[in-house]
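A.B. asks: got a predicted structure plus its sequence, pasted below:
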Amino acid sequence: DQQVKQNSPSLSVQEGRISILNCDYTNSMFDYFLWYKKYPAEGPTFLISISSIKDKNEDGRFTVFLNKSAKHLSLHIVPSQPGDSAVYFCAAKGGYGGSQGNLIFGKGTKLSVKP
Amino acid sequence: NAGVMQNPRHLVRRRGQEARLRCSPMKGHSHVYWYRQLPEEGLKFMVYLQKENIIDESGMPKERFSAEFPKEGPSILRIQQVVRGDSAAYFCASSSSQGVGKVIQYFGAGTRLSVL
């Protein structure tokens, strides 16, 4: 049972345009959401996070939007650059039993930005 | 380099051998997490540790896998009697213990385990 879903395995965008990566979740108790970027043979790199009490967070070219009623979040990258080509993972944290320390990851979306 | 350090980067073992994966957290971080990634999959949580304590091991297989984070030295993920299905990338992450810093986990480059 996947609690965090990224339904698009891949996305191709032209350089300079907007990239929109989507993520859906099922557990309404999650209290934080994070986006990570991963290059091949490297570890995930933290990009941006959002608390469940917010609906938007912005950091430079990256903006994350959270729609709690739809249990949906998205990452916008504007403008997209070839160096943004990587796999992007959505992750959610906490709000349910246990230690609330671990992150639950989606399967990732491979973004290709074409020059 | 003050980032999360994992070694070795690549580890090859034959079936039945033991694998030891090491992780030194980011400077100032006292929380360590281990994740496993199979091909074409996301990262799956295995275990969450603080110094000398296992906080949550709900993602660890019941047998052959163990983890520790001693008072001194790196965190160790140990896999005994490895099988081919253990072949994966193992990532360690660390976080601060305070406030929002506790939310963000910073990852190492991973150890790629291949079982022959």
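C.D. replies: Nice, I can see it.

A.B. asks: which parts of the chain are strands?
C.D. replies: Chain wasn't specified; assuming chain A. A:4-5, A:10-14, A:19-25, A:32-38, A:45-51, A:56-59, A:62-67, A:72-77, A:86-93, A:103-105, A:109-114 (DSSP state E).

A.B. asks: look at chain B instead
C.D. replies: Applying DSSP E to chain B gives strands spanning B:5-7, B:10-13, B:19-24, B:31-37, B:43-50, B:53-56, B:65-68, B:75-79, B:88-95, B:106-107, B:111-115.

A.B. asks: model confidence for A:S28, exactly?
C.D. replies: We have a pLDDT of 89 for A:S28.

A.B. asks: wait, it touches A:K71, no?
C.D. replies: Yes - in this structure, A:S28 is within contact of A:K71 by C-beta atoms under 8 Å, at 6.8 Å. All C-beta spots, glycine's among them, are computed from the backbone N, C-alpha and C.

A.B. asks: need the strands of chain A in CSV with mean neighbour count and mean pLDDT, can you?
C.D. replies: Putting the strands of chain A into CSV (neighbours: other C-beta atoms under 10 Å in any protein chain shown; pLDDT from 0 to 100) gives the following:
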stretch, mean neighbour count, mean pLDDT
strand A:4-5, 19, 94
strand A:10-14, 14, 97
strand A:19-25, 21, 97
strand A:32-38, 23, 96
strand A:45-51, 17, 96
strand A:56-59, 12, 97
strand A:62-67, 18, 98
strand A:72-77, 20, 98
strand A:86-93, 23, 96
strand A:103-105, 24, 93
strand A:109-114, 17, 97
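
A.B. asks: make JSON lines from these and add distance to B:A109 to it.
C.D. replies: Listed next are the strands of chain A as JSON lines, based on distance: least, C-beta to C-beta, whole Å:
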{"stretch": "strand A:4-5", "distance to B:A109": "23"}
{"stretch": "strand A:10-14", "distance to B:A109": "24"}
{"stretch": "strand A:19-25", "distance to B:A109": "23"}
{"stretch": "strand A:32-38", "distance to B:A109": "11"}
{"stretch": "strand A:45-51", "distance to B:A109": "10"}
{"stretch": "strand A:56-59", "distance to B:A109": "23"}
{"stretch": "strand A:62-67", "distance to B:A109": "22"}
{"stretch": "strand A:72-77", "distance to B:A109": "23"}
{"stretch": "strand A:86-93", "distance to B:A109": "14"}
{"stretch": "strand A:103-105", "distance to B:A109": "17"}
{"stretch": "strand A:109-114", "distance to B:A109": "19"}
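
A.B. asks: before we move on, the earlier item: neighbour-wise, which of A:S28 and A:K71 wins?
C.D. replies: A:K71 (15 against 11; other C-beta atoms under 10 Å in any protein chain shown).
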